[in-house]
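Enquirer: Structure of the sequence below:
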Amino acid sequence: MQEKQKAEHNILSSDANYNPLVSASNPLLNTIPQIRHSIVHPDPTDLRQQLINEIRRFEVECQHAKLPYAVIIGARYCLCTALDEAAALTPWGLRSVWSGSGLLVTFHNETWGGEKFFQLLAKLSQNPKENIFLLELINFCLQLGFEGRYRVMDNGRTQLETVKQRLFQLIRSIRGNHPVELSSNVQTITVPNKSWRFSVPIWVSAALFSFLVCLLYISLNWRLGDILNPVLAKIYQIDLPNVTVSNPVTPPAPPVLNLKEMLKGDITAGLLDVIDTPDRSVITLKGDGLFTTNSIQIKNRYLDVIKDIAEAMNNFKGEILVAGYTDNIPINTLYSRFSSNYALSLARAKSVQRELQRYLIHPERVKVEGKGASDPVAPNDTPSNRAKNRRVQITLLAPPVSQTM
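Expert: Numbers count the residues shown, from 1 in each chain. All right, here's what the predicted structure looks like:
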């Protein structure tokens, strides 16, 4: 365990300017401005599914790069938040499936991350050297137009610009002012004179022009940074006022999900708990009753319970999210076929997914996710509390108002 922690520390403390987190997220980062500037989109649902698949590819690539799990989850949260905001600001975003089931809902069961994004930035900034990979990813999201809570603040753009400049200076304090030299043994190669006809393809000219424009931009950007340093030094000495932003009050939608009423028999029997809200219903199955220790085999008594859940959900449209959770006790890999709590939670969620799909009219709407020991409902300090954290949650998300049954 100590060797693993040491390896993770070495990854985050590397002096090299290469950032595997940004490298893995490049396709998603490139998508943000494309979405933001698109006036129409022929198939937002397909775009959302493509991004879900791309985020899962991003997670796999980060795991192969041996990045810590917490870094991967933090990066995924920031990317989902930035992509959701880009879609929400388009004319088609609010009229599509995105309005009720964005990427943040799919992966984190949250509808808006504009506040938490900057809370995460503040926490990471306390130890910038250890968190440089994630700080650089957040910097790219901000440079690509993400605004979050500052979009609705008075004078928010100015405050956001100050945040961005502080982050830039923080990163530069870790990375340095200029790129490191690629080689200290550069040799000049003498090319003999040779006569040839001057013929340059058009695409080469265009590429050369683009390259020169990029060099000019980089040069001016560096010069601007040097000019702004004295001004920024004075700005940083100013205490910013605390601003409390109240969200617009909107009347809650009438509750349309009533799974609690439909499953009251199983609730009375103590087999599950249900929480109904206007936009979703969350069903919690206790892991100790659902599975045996370190197993993914569903106990017979719960097969009929899952059937009841599926039949109740057939009465409603909307995406279904199955999430598995464990306590924080590490798995003994010598006696278990699962490498981690995350792997066990994902396998258990998939078992429930397969059983649900047997009875659903539209089984393809079930998505699955392993959460491991994250998001505990109780402190992991007693056996009874750890038992509460071992669970499977089935969430039915209400479809957008524009969709009808």
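Enquirer: Helix or strand next in line after the helix or strand in which residue 207 is found, which one?
Expert: Under the criterion of DSSP states H and E, residue 207 resides in helix 202-236. Note on helix 202-236: by DSSP H and E, the next helix or strand toward the C-terminus is helix 259-262.
Enquirer: For that following helix, list every residue counted as buried.
Expert: For helix 259-262, burial by neighbour count (16 or more other Cβ atoms under 10 Å) applies to 259, 262. All C-beta spots, glycine's among them, are computed from the backbone N, C-alpha and C.
Enquirer: residues making contact with the helix or strand containing residue 28?
Expert: Counting by DSSP H and E, the element that carries residue 28 is helix 20-36. For helix 20-36, contacts defined as Cβ atoms under 8 Å, 6 or more residues apart in numbering pick out 11, 47, 51, 54-55, 58, 61-62, 65, 67, 71, 75, 79, 82-83, 86-87, 89-90, 133-134, 136-137, 140-141, 144-146.
Enquirer: where in the chain is pLDDT low?
Expert: For the chain, the stretches with pLDDT under 70 are 1-16, 177-200, 221-222, 224-256, 333-336, 400-405.
Enquirer: Okay, strands next: where are they in it?
Expert: Per DSSP state E, the chain carries strands over the ranges 273-277, 280-286, 320-325, 366-370, 391-397.
Enquirer: Run a quick neighbour tally on residue 258.
Expert: Residues lying near residue 258 (other Cβ atoms under 10 Å) number 14.
Enquirer: and it, what is it in contact with?
Expert: Residue 258 is in contact with residue 276, counting by Cβ under 8 Å, 6+ apart.
Enquirer: Next, give phi and psi for it.
Expert: phi -130, psi 50 (degrees, to the nearest 10).
Enquirer: Against residue 277, how distant is it?
Expert: Distance from residue 258 to residue 277, counting by Cβ to Cβ, to the nearest Å: 11 Å.
Enquirer: So residue 145 is in contact with residue 86, correct?
Expert: Yes. Taking contacts as Cβ atoms under 8 Å, residue 145 lies within contact range of residue 86: 7.3 Å.
Enquirer: Give me the more crowded residue out of the two.
Expert: Comparing residue 145 with residue 86 by other Cβ under 10 Å, the one with more neighbours is residue 86, at 22 against 14.
Enquirer: which residues touch that one?
Expert: Contact partners of residue 86, counting by Cβ under 8 Å, 6+ apart, are 32, 33, 35, 36, 145, 146.
Enquirer: Tell me which of the strands of the chain sits most buried.
Expert: strand 320-325 (a mean of 26; mean count of other Cβ atoms under 10 Å).
Enquirer: Check which residues of the helix holding residue 28 are buried.
Expert: In helix 20-36, counting by 16+ other Cβ under 10 Å, buried: 20, 21, 22, 24, 25, 28, 29, 31, 32, 35, 36.
Enquirer: Quick check: closest non-adjacent residue to residue 168.
Expert: residue 139 (6.8 Å; Cβ to Cβ, 6 or more residues apart in numbering).
Enquirer: From residue 23, how far off is the one you found?
Expert: For residue 139 relative to residue 23 (Cβ to Cβ), the value is 15 Å.
Enquirer: May I see the strands of the chain arranged in TSV, with distance to residue 169 as well?
Expert: Converted to TSV, these look like this (distance: least, Cβ to Cβ, whole Å):
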stretch	distance to residue 169
strand 273-277	42
strand 280-286	41
strand 320-325	39
strand 366-370	37
strand 391-397	41
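Enquirer: Indicate which one of those strands is closest to residue 304.
Expert: Residue 304 lies closest, by Cβ to Cβ, to one member of the strands of the chain: strand 280-286, at 12.7 Å.
Enquirer: Give me the neighbour count for the closest residue to residue 62 other than its chain neighbours.
Expert: Nearest residue to residue 62 in three dimensions, chain neighbours excluded: residue 72, at 4.6 Å (Cβ to Cβ, 6+ apart). A count of nearby residues for residue 72, using other Cβ under 10 Å, gives 20.
Enquirer: From residue 149, how far off is residue 72?
Expert: On the measure of Cβ to Cβ, residue 72 and residue 149 end up 24 Å apart.
Enquirer: now the contacts of helix 20-36: which count as buried?
Expert: 11, 47, 51, 54-55, 58, 61-62, 67, 71, 75, 79, 82-83, 86-87, 90, 133-134, 136-137, 140-141, 146.
Enquirer: Which of those residues fall in helices?
Expert: 11, 47, 51, 54-55, 58, 61-62, 71, 75, 79, 82-83, 86-87, 133-134, 136-137, 140-141 (DSSP state H).
Enquirer: my guess is residue 259 contacts residue 314, does it?
Expert: No. Judged on Cβ under 8 Å, residue 259 makes no contact with residue 314 at a distance of 11.3 Å.
Enquirer: For burial, what's the neighbour tally of residue 203?
Expert: The burial count for residue 203: 8, using other Cβ under 10 Å.
Enquirer: wait, residue 147
Expert: Quick note: residue 147 (other Cβ under 10 Å) scores 17 neighbours.
Enquirer: residue contacts, it?
Expert: 85, 114, 156, 157, 160.
Enquirer: Quick check: the gap between the closest residue in space to the second one that isn't next to it in sequence and residue 275.
Expert: Distance criterion Cβ to Cβ, 6+ apart; nearest residue to residue 114, sequence neighbours excluded, is residue 148 at 3.3 Å. Distance of residue 148 to residue 275, given as Cβ to Cβ: 27 Å.
Enquirer: so residue 372 touches residue 348, yeah?
Expert: No. The criterion here is Cβ under 8 Å, and residue 372 misses it with residue 348 at 10.9 Å.
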